[in-house]
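Engineer: What follows is a protein structure lacking sequence information:
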Ligand code: SF4
């Protein structure tokens, strides 16, 4: 059994929180640059150029790329042949968030509950999903998920008879209703299958896949490409100012489900799509 120390996880999570907020991932940055070449609207182009400049300034001056520094969501692939020593994995991740958000002067956006709405003042707790995997490593994938795009996300239990056309129509409706409020250009995360709670998790998980990377199943990849074209024909455009770049990418994850069910979740991510990963 390989031992992984609590303090190493704290430090890794703290570093990822700061880097995610200061340094836009290369995949999203390159998608901005590619969109700048294809965007048809002049205003859309201008907004994309500003987003690139904004990302450059954040990296250079070591400041967050957006005032909304997000909710930290981690998906941890925990090797079953390793043991966390010195404390619990959940505590280590939250200590890392506390440390990173403090040291990086990142806004604390988490309230302790939605009834009294008191800020916890350290951006904890994060939302932690653990997947048990083979091996003796821990892979931590984190995102600092913006509140505006999360608010415009949606879930629906469709009927199996709605079929692929029903799925597409529902997803397009969610993006259309979100309009500028989800801070486009978007990364659209979709979960299809599982059950009520599982399809929401699948939609979130899909957002960790790098921009530009298609699903390995050709049928799912085809659906991603078709929907991407449909979404970009909606005309919402960068920051909702009109244009042909409403989405930078769409990600779909699918899973088995009940014969009577067709759960679909749409988790929208904004242009400040911040994700990092580390292996310990
Ligand atoms: S949704 Fe994203 S871009 Fe919009 S304010 Fe929040 S973090 Fe910033």
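Structural biologist: Happy to help now that I have it. This structure is a prediction, so every number in the text was calculated from the model and none was measured.
Engineer: Where do the domain boundaries of this structure fall?
Structural biologist: What automatic domain parsing lists as the domains of the chain is 2-20+65-145, 148-272.
Engineer: In CSV, list those along with distance to the ligand, mean neighbour count and mean pLDDT.
Structural biologist: All C-beta spots, glycine's among them, are computed from the backbone N, C-alpha and C. Shown next, in CSV, are the domains of the chain (distance: least, Cβ to the nearest ligand atom, whole Å; neighbours: other Cβ atoms under 10 Å; pLDDT from 0 to 100):
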stretch, distance to the ligand, mean neighbour count, mean pLDDT
domain 2-20+65-145, 3, 18, 97
domain 148-272, 3, 19, 97
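Engineer: wait, which of those is closest to residue 32?
Structural biologist: Among the domains of the chain, the nearest to residue 32 by Cβ to Cβ is domain 148-272 (7.4 Å).
Engineer: measure the closest one end to end?
Structural biologist: 11 Å (Cα to Cα, to the nearest Å).
Engineer: Helices of the stretch 51-200 of the chain, residue ranges please.
Structural biologist: Under the criterion DSSP state H, counting those that start in this stretch, the stretch 51-200 of the chain contains helices at 89-103, 147-151, 163-178, 196-206.
Engineer: what residues does the second one touch?
Structural biologist: In this case it means helix 147-151. 68, 70-71, 109, 178, 181-183, 186, 267-270 (Cβ atoms under 8 Å, 6 or more residues apart in numbering).
Engineer: Let's see that with 7 Å instead.
Structural biologist: Residues from elsewhere that reach helix 147-151, judged by Cβ atoms under 7 Å, 6 or more residues apart in numbering: 68, 109, 181-183, 186, 268-270.
Engineer: same deal with the third one?
Structural biologist: Helix 163-178 is contacted by residues 152, 154, 156, 158, 188, 190, 192, 227, 230-231, 234, 246, 264, 266, 268 when judged by Cβ under 7 Å, 6+ apart.
Engineer: In those residues, find the pair that's most separated.
Structural biologist: Going by Cβ to Cβ, the pair spanning the contacts of helix 163-178 furthest: 158 and 246, at 22.4 Å.
Engineer: how about TSV for the helices of the stretch 51-200 of the chain, with distance to residue 56 added?
Structural biologist: TSV is the format used below for the helices of the stretch 51-200 of the chain (distance: least, Cβ to Cβ, whole Å):
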stretch	distance to residue 56
helix 89-103	22
helix 147-151	22
helix 163-178	27
helix 196-206	28
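Engineer: For residue 55, which of those helices is the nearest?
Structural biologist: Across those, closest to residue 55 is helix 147-151 (Cβ to Cβ), at 16.8 Å.
Engineer: what about whichever strand or helix holds residue 47, average pLDDT?
Structural biologist: Element membership for residue 47, per DSSP states H and E: helix 42-61. Here helix 42-61 scores 97 as its mean pLDDT.
Engineer: Give me the buried positions along that helix.
Structural biologist: Using 16 or more other Cβ atoms under 10 Å as the test for burial, helix 42-61 gives 44-48, 51-52, 54-55, 58.
Engineer: Could you pick out which of the contacts of helix 163-178 are located in strands?
Structural biologist: Counting by DSSP state E, the part of the contacts of helix 163-178 found in strands is 154, 156, 158, 188, 190, 192, 264, 266, 268.
Engineer: Show residues contacting stretch 219-233.
Structural biologist: 168, 171-172, 175, 188, 214-215, 244-247, 249-252, 254.
Engineer: from the residues you listed, which two are the most distant?
Structural biologist: 244 and 254, at 27.5 Å, using Cβ to Cβ across the contacts of stretch 219-233.
Engineer: Excluding chain neighbours, what is closest to the residue positioned nearest the centre of the chain?
Structural biologist: By Cα atoms, centre = their mean, the chain has its centre lying nearest to residue 207, at 4.3 Å. The spatially closest residue to residue 207, leaving aside those adjacent along the chain, is residue 189, at 4.0 Å (Cβ to Cβ, 6 or more residues apart in numbering).
Engineer: Residue 28 touches residue 207, doesn't it?
Structural biologist: No. Residue 28 is beyond contact range of residue 207, at 11.0 Å (criterion: Cβ atoms under 7 Å).
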